[in-house]
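K.L.:
show me the folded form of this:
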Amino acid sequence: MSTLHLIDHPLVQHKLTLMRRKEASTNSFRRMLGELSTLIAYEITRDMPLQDIEIETPLETMTAKVIDGKKLVLVSILRAGNGFLDGMLNVVPGARIGHIGLYRDPETLQPVEYYFKMPSEMHERDVIVVDPMLATGNSAVAAVQQLKTKCRPKSIKFMCLLAAPEGVETFQNAHPDVDIYTAAVDRQLDSQGYILPGLGDAGDRIFGTK
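P.N.:
Predicted coordinates for the structure are as follows:
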């Protein structure tokens, strides 16, 4: 079974609490999501491989370690996943970006794909799939399955802001090889598939829509 990584850094938990408040404006919600995604990105990239290169310091030549950010792909599940990208690119500016468009059928709660666009040579790349909410888990499961089927990347991780126990179980059963990184696992889903206590619809709060 995959590992569920709970990012419990005090700054992450503090900003998450501020984002949960219903009176948080669109501007502050969007800003804090960017800050949170930067913080979580430090944790999710902790085990990224390094390579040695030769550089010149002002005093001498030395061998130093670097990350090849061009080997990393951030895959956003549209539309809310885009709220993570700027913050993560602060940490790995060389990362490529992919997009998967999915919407949730309001009656079946199942994902319907409408867009799929990835960088080239995905089989050589490590992937981080980003979506603020892991609620039912159906969209995340479908997105990762499409990546495995169409692209066969070297590795896949899934990053979200909030998760529900039901979504974690669904995702781990479908993809036991893909680790989950999240700031919190909330109590449960409601009858419409929203996370409780949650923070509402992340996409609407990022973009100021309803």
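K.L.:
in terms of secondary structure, what does the biggest strand by length in the chain contact?
P.N.:
Determined from DSSP state E, the single longest strand within the chain is strand 96-104. Judged by 3 or more Cβ pairs under 8 Å, 6 or more residues apart in numbering; DSSP states H and E, strand 96-104 is in contact with strand 72-78, strand 111-117, helix 138-150. C-betas here are computed from N, CA, C, even on glycine.
K.L.:
now the ones you listed as TSV including distance to Ala24, mean neighbour count and mean pLDDT?
P.N.:
Formatted as TSV, those follow (distance: least, Cβ to Cβ, whole Å; neighbours: other Cβ atoms under 10 Å; pLDDT from 0 to 100):
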stretch	distance to Ala24	mean neighbour count	mean pLDDT
strand 72-78	22	23	94
strand 111-117	27	13	89
helix 138-150	24	19	94
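K.L.:
which one of those lies nearest to Gly203?
P.N.:
The closest of the helices and strands packed on strand 96-104 to Gly203 is strand 72-78. By Cβ to Cβ, the value is 8.9 Å.
K.L.:
next structured bit after that closest one?
P.N.:
helix 85-89 (DSSP states H and E).
K.L.:
for that following helix, buried residues please.
P.N.:
Neighbour counts over helix 85-89 (16 or more other Cβ atoms under 10 Å) mark 85, 87-89 as buried.
K.L.:
contacting residues around the residue most central in space within the chain?
P.N.:
Nearest to the geometric centre of the chain sits Val130, at 2.2 Å (Cα atoms, centre = their mean). Listed by Cβ atoms under 8 Å, 6 or more residues apart in numbering, the contact set of Val130 reads 37, 74-77, 81, 84-85, 88, 159-160.
K.L.:
show me where this structure has helices.
P.N.:
Under the criterion DSSP state H, helices of the chain are mapped to 10-20, 26-44, 85-89, 138-150, 165-174, 202-207.
K.L.:
for the fifth one, packing partners?
P.N.:
Under the contact criterion of 3+ Cβ pairs under 8 Å, 6+ apart, helix 165-174 touches strand 133-134, helix 138-150, strand 179-182, strand 188-189.
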